[in-house]
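Engineer: Sequence and predicted model, in that order:
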Amino acid sequence: MAGTVARWAALAGCLAGGAIGWARLPEVPADPPAERFSATRAMALVRGWATAPRPSGSPQHAATLSSVGDALTAAGFVVTPHPFTIGDVRGVNLVATAPGADDRDGVWLVAHSDSAPESPGASDDGFGLAVVVEAARALAVDGPPADLKVLITDAEELGLYGARAEAARAKGARRVVLNVEARGAGGPVYMFQTAGPTGPVLAAWQRSGCRVQATSLARTVYDALPNATDFLVFRRAGWTGYDFALIHDAWRYHTPDDTPAGLDPRSVQQAGDCVTGLARAWLDAGGAAAATGPEDAAVYAQIAGTTFVMPAAAVRLSGAAALVVALARRRPDARGGVVLGVAAWLGAAVASVAAGVAMLVLFPYVQPDFWERVAEAPGAEGRFVALAAVGGVVPAAALTLARRWGPAERGWHGVSALLGAAAAILAPTVGYAFVPGAFAAAFALRGRPWMAGGAAFAAGVVVAPVMQAIYPALTSRAAPVLAAMPLLMLAWLAPGVRREGAASQRR
């Protein structure tokens, strides 16, 4: 009975922890003070720019550049155009500085000005443009700080040409770059990659009060994708900084549907508050001169609205501890259960991926325009729920079948604990998300239901925002991976936790 109660307590703790960690968007203030970022003002800018597509070199693009320049000039900046030619591509970057300041080092707010040829670009990158311009205005209420600079790049959609031109022009400069992008039009804002010395980067982040989603796992996932932003160029140039983006409602990306009406003002407010706070944190610390130190493997995650930073060594040690718990007091008489459990786990993994492939084949029949959009088709939420449901049912069915022939939980939890511990030890920037689940599985393996329940609660807090980010980030076109995700990250919720003493009495 105690084991059954503990299993439900673990599940309830996971759900409660997930609710605590769920991303929330701020309300847009009706009448903020001048020094605070205003999504209302930013949205007015977007509505003026995103009236038609503005590909690089078009009249609409030229008009947008003029409007951006006027807005920055009105805020007190000196705006200088920087024409460039790379191969057959010609464009114009805008650089804004305080009067009398140089245009090399400093804290730089960055967005790109062009849109895809078929899209008004309200989110990509009208969103970024508006965040940068309004943040610069808020930061310059008492006059632009000398270390604050603005860069508006051109020809990003053609191949990051504006960023490449600026990186070549400012070779050797020391910069902190806050780049704002979009591959969607709503939902929480994500800071999905950093560059530069880890200590100052994360210290400034914590001082800034940023509440956008941030995890060291995201850069690993992003590096495996074919996507690229201007920030990739800056990262390779050796500059310090952060890359922000919207990823929800990705079906609007690079389509005629990317209009101001589809851009969520709350997302704009969240991004603007973070960029403004982060820029102030760096300016107060002395600007780019404070960006000194190594770029090491620090682990960070946004949990319950707070960014937690952990040394990679601590994550590795935690993974090793979970492994020790899992391997302690092995009993040879449970070998049959181990074999069945391992077979069930591996079979569930194969079956989940196969189910995802089947659903990927099915999606275009249910939604004929599934492959027509650049990033995603409308109604992705329903497909995500279906994939998560299938990914949860398949492992549960595999374990239930295995249990009919023996005590398969020992092998099942053993695989879960081993993989979670291995992820933490070998890749701590990613594996931190698996540590609480590894402990939950390890305690379940040892027949300690209440300890497993406590670890499961912690795992829910950590895993919920990760799962929330992975599905829209990968899009439903990655259905095989998304169908396997519940098994990879939630296998420790499997039933079968029971007290070791009771189990021994039954034998």
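Structural biologist: On my side now, so go ahead. Numbers count the residues shown, from 1 in each chain.
Engineer: So what's the residue count around Ala348?
Structural biologist: 26 (other C-beta atoms under 10 Å). Bear in mind the C-beta positions are built from the backbone N, C-alpha and C, glycine included.
Engineer: going forward, begin numbering at 49 instead of 1
Structural biologist: Understood, numbering begins at 49; the last thing we discussed is Ala396.
Engineer: in what helix or strand does it lie?
Structural biologist: With elements taken from DSSP states H and E, the one containing Ala396 is helix 383-414.
Engineer: Give me the buried stretch members for that helix, please.
Structural biologist: By neighbour count with 16 or more other C-beta atoms under 10 Å, helix 383-414 contains the buried residues 385-386, 388-393, 395-397, 399-401, 403-404, 407-408, 411.
Engineer: For the residue nearest to Asp305 when sequence neighbours are not counted, grab the count of nearby residues.
Structural biologist: On the basis of C-beta to C-beta, 6 or more residues apart in numbering, the spatially nearest residue to Asp305 that is not a chain neighbour turns out to be Trp299, at 7.2 Å. By the other C-beta under 10 Å criterion, the neighbourhood of Trp299 contains 22 residues.
Engineer: hang on, Trp299 packs against Asp417?
Structural biologist: No. The pair Trp299 / Asp417 is not scored as a contact, 9.2 Å apart, by C-beta atoms under 8 Å.
Engineer: Give the residues shared as contacts by those two.
Structural biologist: Jointly contacting Trp299 and Asp417 under the rule C-beta atoms under 8 Å, 6 or more residues apart in numbering are Ala425, Pro426.
Engineer: where does the nearest residue to Ala333 once chain neighbours are set aside fall, phi/psi-wise?
Structural biologist: Nearest residue to Ala333, sequence neighbours excluded (C-beta to C-beta, 6+ apart): Ala252, at 6.3 Å. Main-chain dihedrals, Ala252, degrees, to the nearest 10: phi -60, psi -40.
Engineer: who are the neighbours in contact with Ala252?
Structural biologist: Contacts were defined as C-beta under 8 Å, 6+ apart; by that measure Ala252 touches Leu326, Ala329, Trp330, Ala333, Ala338.
Engineer: I'd assumed Gly247 was in contact with the fourth one.
Structural biologist: By that I understand Ala333. No. Counting by C-beta under 8 Å, Ala333 does not reach Gly247; the two are 11.6 Å apart.
Engineer: hmm, back to that, now the helix holding Ala396, how far from the centre of its chain.
Structural biologist: For helix 383-414, the distance between its averaged C-alpha position and the chain's averaged C-alpha position is 26 Å (C-alpha atoms, centre = their mean, to the nearest Å).
Engineer: same for that helix, what does it pack against?
Structural biologist: Under the contact criterion of 3 or more C-beta pairs under 8 Å, 6 or more residues apart in numbering; DSSP states H and E, the helices and strands touching helix 383-414 comprise helix 428-451, helix 457-474, helix 527-538.
Engineer: Just the buried positions in the shortest one, please.
Structural biologist: It stands for helix 527-538. Under the neighbour-count criterion of 16+ other C-beta under 10 Å, helix 527-538 has Ala527, Pro528, Val529, Leu530, Ala531, Ala532, Met533, Pro534, Leu535, Leu536, Met537, Leu538 buried.
Engineer: Go ahead and name everything in contact with it.
Structural biologist: Helix 527-538 is contacted from outside by 393, 396-397, 400-405, 407-408, 411, 431-432, 435-436, 438-440, 442-443, 467, 481-482, 485, 511, 514-515, 518-519, 522, 524, using C-beta under 8 Å, 6+ apart.
Engineer: Equivalent analysis for the longest one, please.
Structural biologist: Surrounding helix 428-451, the residues in contact under the criterion C-beta under 8 Å, 6+ apart are 298-299, 388-389, 391-393, 395-396, 399-400, 403-404, 407, 411, 456-457, 460, 515, 519-520, 523-524, 527, 530-535, 538-539, 542-544.
Engineer: roughly how far is it from the heart of the chain?
Structural biologist: Helix 428-451 has its average C-alpha position 24 Å from the chain's average C-alpha position, going by C-alpha atoms, centre = their mean.
Engineer: Alpha carbons of that helix, in PDB - could you do that?
Structural biologist: Taking only C-alpha atoms (Å, rounded to 0.1, in the frame of the first residue of the first chain), the coordinates of helix 428-451 have been written out as PDB:
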ATOM      1  CA  ALA A 428       1.100  22.300 -34.000                       C
ATOM      2  CA  GLU A 429      -0.200  22.100 -30.400                       C
ATOM      3  CA  GLY A 430      -2.600  19.300 -31.300                       C
ATOM      4  CA  ARG A 431       0.200  17.300 -33.000                       C
ATOM      5  CA  PHE A 432       2.500  17.900 -30.000                       C
ATOM      6  CA  VAL A 433      -0.100  16.500 -27.600                       C
ATOM      7  CA  ALA A 434      -0.700  13.500 -29.900                       C
ATOM      8  CA  LEU A 435       3.100  12.800 -30.100                       C
ATOM      9  CA  ALA A 436       3.500  13.200 -26.300                       C
ATOM     10  CA  ALA A 437       0.500  10.900 -25.700                       C
ATOM     11  CA  VAL A 438       1.800   8.200 -28.000                       C
ATOM     12  CA  GLY A 439       5.300   8.600 -26.500                       C
ATOM     13  CA  GLY A 440       3.800   8.000 -23.100                       C
ATOM     14  CA  VAL A 441       1.400   5.100 -24.000                       C
ATOM     15  CA  VAL A 442       4.000   3.100 -25.800                       C
ATOM     16  CA  PRO A 443       6.500   2.800 -22.900                       C
ATOM     17  CA  ALA A 444       3.700   2.100 -20.500                       C
ATOM     18  CA  ALA A 445       2.400  -0.700 -22.700                       C
ATOM     19  CA  ALA A 446       5.900  -2.200 -23.100                       C
ATOM     20  CA  LEU A 447       6.500  -2.300 -19.400                       C
ATOM     21  CA  THR A 448       3.000  -3.700 -18.700                       C
ATOM     22  CA  LEU A 449       3.500  -6.500 -21.100                       C
ATOM     23  CA  ALA A 450       7.000  -7.200 -19.700                       C
ATOM     24  CA  ARG A 451       5.600  -7.400 -16.100                       C
END
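Engineer: hang on, the earlier thing: reformat the helices and strands packed on helix 383-414 as CSV; add distance to Phe292.
Structural biologist: Written out in CSV, the entries for the helices and strands packed on helix 383-414 read as follows (distance: least, C-beta to C-beta, whole Å):
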stretch, distance to Phe292
helix 428-451, 21
helix 457-474, 26
helix 527-538, 24
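Engineer: Ala78: which of the ones you listed is closest?
Structural biologist: Each of the helices and strands packed on helix 383-414 was scored for nearness to Ala78 using C-beta to C-beta, and the closest is helix 428-451 (29.7 Å).
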